[in-house]
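S.K.: heads up, no residue letters with this:
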C-alpha cells in the first residue's frame, strides 16, 4: 500500500532552499523566518526529500514556539513525515512530540486545541495516540463547540483504528452521551457519524428514539441520519420498515440538499410505486426550483436512472420533466428530451407533442444564439415521436414543413428527412404533404435540403395534377433556359471573375479530402455544397428568384443531377397518367432541354470549374432514358428507388427492434437464478437491495482503493525480465497499468556472494510518463532479494518507454557498478477502449483533427473482412461502419474505427483496402487524432500488428 | 530446450514469491479509515487553467497541469490524486454552462477563478447541492487569502489556503460556516487565551509585589536579624524562581523564633497573608482550565441535573400512541403516504419503540411488577404572586416483566383532595374501581400487557387549587442602584413537600462575564449561551424552607429577569395516590412489586 498523501503544493524548483539554511532559520528567534523555513521544509518533504536530520531541530527549536502559525505548520509537518520505519514500527523519536501535542490539547486557545485534535484524526500510530487519549477526552466537555466538534472527530478516528477499542473502550457510551446533550449541530453530526460507523446499534436506537424530532434536526445531522439509514437497510433489509417514516418526514424538510438525499435514499430502499413516485416528484420539484445548471443536470441523471428502473412511474411524470425545457441551457434541454422521448406512450403522446410544438414555435419567434441547435433537437424529437406513434404525424408535419426554408440548414435537413420518412410510412398524408411541399419548395435554399425535397417530389407525385405541378415548380425554380449564352460572356466577364474569386476562396478552404459515410474519400461533398450554397448575387441572371437556378449557377452540379433524375421520373410518370400523348412529349422535350442546358453550362468557361464527371454521366443517362425508353430502366426509375428506400426504412426499423430485443435479453434471468415468487412474498420492495453494495464501492473506487483481484496466472504472463540471468543482479518487474498510473513491482535479487551497498533502481521515462517517487538506496545481503515498487504517472495516451539502470557499490570495489535494464514499453492499448460516436461527429472530428498518420497496408491476409477484423482486434477499437455496409465481395472495403482513451482523447481510424489482381490487399490505414502522440503510437502499433495475419 | 525451461521455472518462482509478499500487506485497514461517510469531498484543489509547464528541470516537455494547492480529506495515494487532477483539464469542455464533470469513478465540481480552477473532487454518490454550497464558500475564501488570483498569489498563500480549506471542510464533511467564521477560526484570536495570559501576568506581578513587600519587611527587620540575612538572600533567589511554601514556612518560623527571642511581634501578620495568597494561587493553577467557567464544586450537580432531560424523550416517544386523532394535516398526509406504501407491500412499523437507548437511560427494573405514580405540575405564577394557572396531572402506569405476573389487580389508596377526578383506561373495570378502588381489567382472564414499556392505567387531575398549596414560591426583586442592578431572589417552600434538585433559572441580560453573586444559599451556575443564571439547591426540607440569593449585573430593565423557570422533583404527591396492595387473580403468591412515586414540575414559571 502506498503512503497516503494529504496535501499537494506546487513546488517551484527555483526557490529551493538548502537544508542547512532551513535549519538555521528554524534555530533562530525570528518568528517570520521560522514560519518561512517551516513552509520550505514542508515543500521539500512533499517533493520527495526525506530530511531526516531536521526532525531533531524542529523538536528542539520549533515545538516550544508560542506562535499559532508555527504550531499549525508544525502539525502539517508532522502530518507528512514518515512516522514509522521500513518495517512499520513507530520511530522512537516520535515520542518526543507527544508532550507537545498534549500541551496543545490543554492550550487555553480553543483553536490550537481544535487543530491539534483534527491532526490526531490523521494519525494512525497507536503508540503516539495512546498517551494523548485522556487529554482528548477532557476536551469533550469543553465549553467551546469548536473544540467539541474536533474532539468527537478525534475520538472517532482513534476508535476506528485496529487497536482503537483498547485505547478507548468506552468511546461509544461517551459519544452517545454527548450526542444527546450537545447543542452544536456540527458536533452532534460528528458524534452521530462516529456512532453510525462504530456502534451502529446505538446510532439506530438514538435515531429511532428521536424519530419524531428528526424533522427539526439541522441539515448536517439529517444528512448523517439518511446515510445511516441507507447503510443499515443495506446490511439488514428487515430494518427498513422502521426507517421509512423518518425519510418521509424529512422529505418536507426546508433544506434542498436533505430533500435530494431523501429522494435518492428512498429510491435505493424501496421500489414500491408510492416511494418511487415521491422520489420522482421530489426530483421534479428540485428541477424546477434549483437555478443551478449542475444540479439540474444531476437531477436529470437521477431521473434517467429512475426511468430505466421504474418506467411506468416515470411515464406519469413526463409532463413535469418536460417543464425543464424552460431552462436556456442546451445540455439540460437535450437531456430532458432524451428522457421524455423514452417515456412517451400512446396516452401522453398528444400532450408531449403539443408541448414540443409550442417550444418549436417559441424558437421561431425569439432570436437567440443557440436556438438553431435547440430547434434541431426539437425537430428530431418530434420526428422520433412521429415514428413511434404515426397518428401524431399529421398534426406536426405541416408545422415542421415551415422550417424547410429556414436559414438553419441542420434543422431543415432534419425536417426534410422527417417528411421523407412520413410520406413513405404514412400514405394518408401523402397528398397533403406533397401539395404543401410543392407550395413551399421555392423557399428552400440549402442544396442538401433541395436535393432531398426533389427526390420526394420525384417519387411521390403520383396523380396527373401533382406530376404536372411538380414539373411546373421545378421549371419555375430553374427559371428560363438556357442558363448561359455565349453572348453574355463578354458582358459578364468582369463579374464572373469576381465570382471566380469568391468561389475559389470558398473552395480552397474546403478543399480537403472528405470521407463519405462509407469511409471513401470524396472530392465532391456535402460540406462543399453547403459552403457554396450561401446566396451569391448572380451575374447575368435573368432576374429569376429561382433557388435551383442559383444553386446551379454557383456550380453545384450534384443538385443538377438530382434535378435531372427528378425530371426524368416525373416525365416517365406523366407518360403513364397523361392521356394526351402530345402533352407528355412536350414535357419530355422541356426536360431534355433543361438537362442539355445544364450540361452546356457545365462545360462552358463561365464557371470556375467545369461539371464533374459523375454528375455529367448521370445527366447524360437521364437524357438517354428520356430519348429511348426501355422498360427495365423505366422500372428502375419509377419503382426501384422507392422500394429501396422502403427497404432502408424497414432495415432501420428492424435494427432498432433488434437493439430493443437485445436490451430486453440482458435483463432476462439466468437459468440458475433464484426465482422470486411474487405472490408469496409481500415485500417486493426489497429486490434491489441485494445489489446495493455499490455505494460503498463508489467511495473505494473514488479513492483508488479498488483492487482488482486479477488472477495470478494472468499476472505471471506480464512479467518482464529486466536483466540477464548471468548479471550480478537479477531483476524482473511486473507492470500493472491502472488508469492514470503504472506501478512497477521490481524484484531485485543479489546473485553474488557479496553485500551490495547503495543499490539503487534508477528509472527514466520517455513519453508522457513521470516518475512519482525518488529512487531510494538499499543494501542487499548476498543472495537475498528485495521488492522495489515504483509509481509512474501517465498523463496522456502515448506509447511510453521506461529505461533504467541498477547501480550499486560493493565493499571492495569503490566505484559504482551499473547494470543496464531492458526497456519497458507501455502499451497504448491499455489506455484505449472501444467507443461509439455518430457518423456526423466522426466526420466533424476527422475534419478538425490535425494529426494524421498514414500507414500503408502491408499484410499477408488476403481477405478484406479478415484484415479488418484483425485490425479491430489488435487495436481494440470499434468499427462504426455497420455490418450490412461491409457485406458483399466487391474487392473493396472501407471502414471507420473509433476509440477513446481514458484521458478523453479520441482516436479515429479509417481503413481503405482494395484487392489487387494478384490477390494481395493494397490500401491505406489513416489514423487521426488531436494530439500527435496517439496518431504516432497507434500507427506504430498497427504497423507492428498488421503483418502477423494468423496469430 | 531443457535449460530454457529451467530458467522459466526460476523466473516464475521468483515472481510468485514477489506476489505473495505483495499480497500480504494490510489493505483493509486503510480502507476502513476512509469509509466514514458515503458522501465526502475527497479533495479540494486549485489548479491552473492552462496546464502550463512548470517543471523546468525535466528533460522532456511535460504537459502536466500545475496543481497549485490540493488538500485531501480522505486517505489516498499521491499517484492517485495527481492522476485525478491531471485528468481534469482534459475532461473540462469549453463553452459548457455547467461546472461539473463526471468520470467513471469520481465527480469534479469546479469553478473558474480568473486563470485558475477551484476544484472539488467528490465521489459520485456525493450530494451535489452540498458540494456546490461548499464550493461557493471556498470560492469566497480564496480571494480573501490570495492577494492575486493567479499562480503566484496562490502559491504564496498556499498554506493559508490549506488552513482555510481545513476549516471549511472538516475531514471531508460539510460544515455550515460563513466566510467570516472561517476567517475567525484561522486567525485563532482567542479570548480565553488572552484572559489566561492576563491572569498569568497578574499572578506574576502579584508574586513580584509580594516579594518586594517581603523584601522590604525583611529589610526592616534586618536590624534585628543581621545574623540570618545571608540565609534570606539565598532564599530570595529561590523565591524568585518559584516560591515554595514549606521553604517559606521554615524561613519564617525561623524569623519568628528569632523575633520571639528578641521580643518583637509586629511582623506576625506578614507570613499569614503570604501563605493565604499562595494557597489561592495553587488552587487556581490546579483547576483544569482557567476559563472553564464553572467552578469545580459544581460539576457533580451538573451531572445530577443532566439526568432529568434524559427522562423526557421517553414521555414524548410514548405520546403519539395515545392521541392519534390529534394529528395535524401534514402528518395525515404522511399517514396516507404510509398507508399507500403499506398497501404496496412495504413493511412499515409505526411507533417504533427504541429499545436500546431507552433501557439505557431509565434504569431497567428488575422487579417483576413496577408501578410508577407520577404527578406533573403546570404552574404559572404572576410576579405579584397571583396564580395564572395551577394544574396537576397524575398518571399511574404499570410495567410487568413477565406475562404470568400480569393476572393481578391493584388496590388503590388516596387522599380526598377537592377537585380530584380520576379517569381510567377503557379496558379497566370502572365499576370495580368506583366501588372498591381496585384497578383490574374488565376481562379477568386477560393479563396486563407485559414487556419493558409502561402501560398507563389511570389518569387524574386536580384543579382549583389556590396559592396556599403551591409547593414553592419565588420572589424576585430587581433594583437599580448606581450603575448596577441588584437582584434579590428568595424562595419559600411549603411544609408539605421536601423538594429535590431544585433549579431556579433566571434569565439575564446578555453579559460578557458571569454576574457577581453577593450572597447565595445553595449553588449557582452561569450558562453564557442561553444567558441564564441557574440557582440550584439540592434539597429543600425543614432545614431550609426559605432561602435567598443576591447578585449584581450591569443596569437592566427588571422585566429581563422574567420568566423565571423552576424545576424540581418531590417524592410525595398531592393526591397521595398509592397502591396499597397487589392482589393476584390466580392462586399464586402476590408478585413482588415496587412503587415509584414522584412529583415533577413540568412547567413552573414566574412570569
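M.R.: Arrived safely. Everything numeric here is computed off the predicted structure, so don't read it as measured data.
S.K.: Just the buried positions in the strand or helix carrying residue A:34, please.
M.R.: Secondary structure assignment for residue A:34, by DSSP states H and E: helix A:31-46. Applying a neighbour-count criterion of 16 or more other Cβ atoms under 10 Å in any protein chain shown, one finds A:34-46 buried in helix A:31-46. From N, CA and C alone the C-beta is placed, and that goes for glycine too.
S.K.: can you tell if it touches chain B?
M.R.: Yes - interface with chain B: helix A:31-46 contributes A:39, A:42 (Cβ under 8 Å from any Cβ of the partner chain).
S.K.: Give me the contacts around the helix or strand following that helix.
M.R.: Counting by DSSP H and E, the next helix or strand C-terminal to helix A:31-46 is helix A:54-57. With Cβ atoms under 8 Å, 6 or more residues apart in numbering or on different chains as the test, helix A:54-57 has contacts from A:19, A:22-23, A:26-27, A:41, A:81, A:93.
S.K.: just stretch B:508-523 next, same as before
M.R.: B:293, B:297-298, B:301, B:486, B:502, B:524, B:526, B:528, B:531-533, B:535-538, B:544, B:547-554, B:556, B:560-561.
S.K.: Stretch A:332-343 now?
M.R.: Contact partners of stretch A:332-343, identified using Cβ under 8 Å, 6+ apart, comprise A:293, A:296-297, A:300-301, A:303-304, A:307, A:311, A:314-315, A:318, A:321-322, A:324-325, A:327, A:352, A:374, A:377-378, A:381, A:384-385.
S.K.: What residues does the stretch 51-200 of chain A have near chain B?
M.R.: Within reach of chain B by Cβ under 8 Å from any Cβ, the stretch 51-200 of chain A has these residues: A:68, A:72-73, A:76, A:106-112, A:114-115, A:118, A:121, A:124, A:138, A:142-144, A:146, A:149-150, A:153, A:157, A:160-162, A:176, A:180-181, A:183, A:185-186, A:189-190, A:193, A:197.
S.K.: of those residues, buried ones?
M.R.: A:68, A:72-73, A:76, A:107-112, A:114-115, A:118, A:121, A:124, A:142, A:144, A:146, A:149-150, A:153, A:157, A:160-161, A:176, A:180, A:185-186, A:189-190, A:193, A:197.
S.K.: quick one: low-confidence parts of the stretch 301-450 of chain B?
M.R.: The stretch 301-450 of chain B contains residues with pLDDT under 70 at B:301-334, B:345-366.
S.K.: Would you state the helices of it in chain order?
M.R.: Remark: helices assigned in the stretch 301-450 of chain B by DSSP state H, counting those that start in this stretch are B:329-343, B:356-361, B:430-436.
S.K.: What are the buried residues along the helix or strand residue A:434 falls within?
M.R.: Residue A:434 belongs to helix A:430-440 when elements are defined using DSSP H and E. When burial is assessed from 16+ other Cβ under 10 Å, helix A:430-440 yields the following buried residues: A:430, A:433-434, A:436-438, A:440.
S.K.: picking that back up, okay if I get the buried residues of helix A:31-46 as a markdown table plus pLDDT?
M.R.: Compiled in a markdown table, the buried residues of helix A:31-46 are given as follows (pLDDT from 0 to 100):
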| residue | pLDDT |
| --- | --- |
| A:34 | 88 |
| A:35 | 88 |
| A:36 | 87 |
| A:37 | 87 |
| A:38 | 87 |
| A:39 | 87 |
| A:40 | 85 |
| A:41 | 86 |
| A:42 | 86 |
| A:43 | 84 |
| A:44 | 82 |
| A:45 | 83 |
| A:46 | 81 |
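S.K.: Quick check: of these, which lies closest to chain B?
M.R.: Nearest to chain B out of the buried residues of helix A:31-46 is residue A:39 (Cβ to the nearest Cβ; 5.7 Å).
S.K.: how about the helices in the stretch 851-951 of chain A?
M.R.: A:864-875, A:883-886, A:932-947.
S.K.: For chain B, find the nearest of those.
M.R.: helix A:932-947 (9.6 Å).
S.K.: Report the angle between that closest one and helix A:864-875.
M.R.: Here the directions of helix A:932-947 and helix A:864-875 differ by 130 degrees (axes from the mean of the first three to the mean of the last three Cα atoms, to 10 degrees).
S.K.: Which of the contacts of helix A:54-57 scores worst on pLDDT?
M.R.: Within the contacts of helix A:54-57, residue A:19 has the lowest pLDDT, namely 75.
S.K.: ok, and the closest non-adjacent residue to that residue?
M.R.: Leaving aside its chain neighbours, residue A:19 sits nearest to residue A:51 (6.0 Å; criterion: Cβ to Cβ, 6 or more residues apart in numbering or on different chains).
S.K.: swap in residue A:47?
M.R.: Sequence neighbours aside, residue A:11 is the residue nearest to residue A:47 in space, at 5.0 Å (criterion: Cβ to Cβ, 6+ apart).
S.K.: do you know how far that neighbour is from residue B:551?
M.R.: Applying Cβ to Cβ, to the nearest Å, the value for residue A:11 to residue B:551 is 60 Å.
S.K.: Give the rounded mean pLDDT of stretch B:510-522.
M.R.: Taken as a whole, stretch B:510-522 has an average pLDDT of 82.
S.K.: pretty sure residue A:85 contacts residue A:92?
M.R.: No - taking contacts as Cβ atoms under 8 Å, residue A:85 lies outside contact range of residue A:92: 9.3 Å.
S.K.: from memory the residue nearest to residue A:19 sits against residue A:42, does it?
M.R.: No - with contact defined as Cβ under 8 Å, residue A:51 does not reach residue A:42; the gap is 9.9 Å.
S.K.: which element follows the worst-scoring helix or strand of chain A on mean pLDDT toward the C-terminus?
M.R.: Lowest by mean pLDDT, DSSP states H and E among the helices and strands of chain A is helix A:526-532, with a mean of 39. Proceeding N to C from helix A:526-532, the next assigned helix or strand is helix A:547-553, under DSSP H and E.
S.K.: Give me the packing partners of the following helix or strand past that following helix, helices and strands only.
M.R.: The C-terminal neighbour of helix A:547-553 among helices and strands, as given by DSSP H and E, is helix A:557-577. Helices and strands touching helix A:557-577, as assessed by 3 or more Cβ pairs under 8 Å, 6 or more residues apart in numbering or on different chains; DSSP states H and E, comprise helix A:447-460, helix A:464-478, helix A:547-553, helix A:581-603, helix A:613-627.
S.K.: In a markdown table, list the helices of the stretch 851-951 of chain A along with distance to residue A:911.
M.R.: Listed next are these as a markdown table, based on distance: least, Cβ to Cβ, whole Å:
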| stretch | distance to residue A:911 |
| --- | --- |
| helix A:864-875 | 6 |
| helix A:883-886 | 11 |
| helix A:932-947 | 9 |
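S.K.: among those helices, which gets the worst mean confidence?
M.R.: Ranked by mean pLDDT, the helices of the stretch 851-951 of chain A end with helix A:883-886 in last place, scoring a mean of 73.
S.K.: mind listing what's buried in that one?
M.R.: residue A:886.
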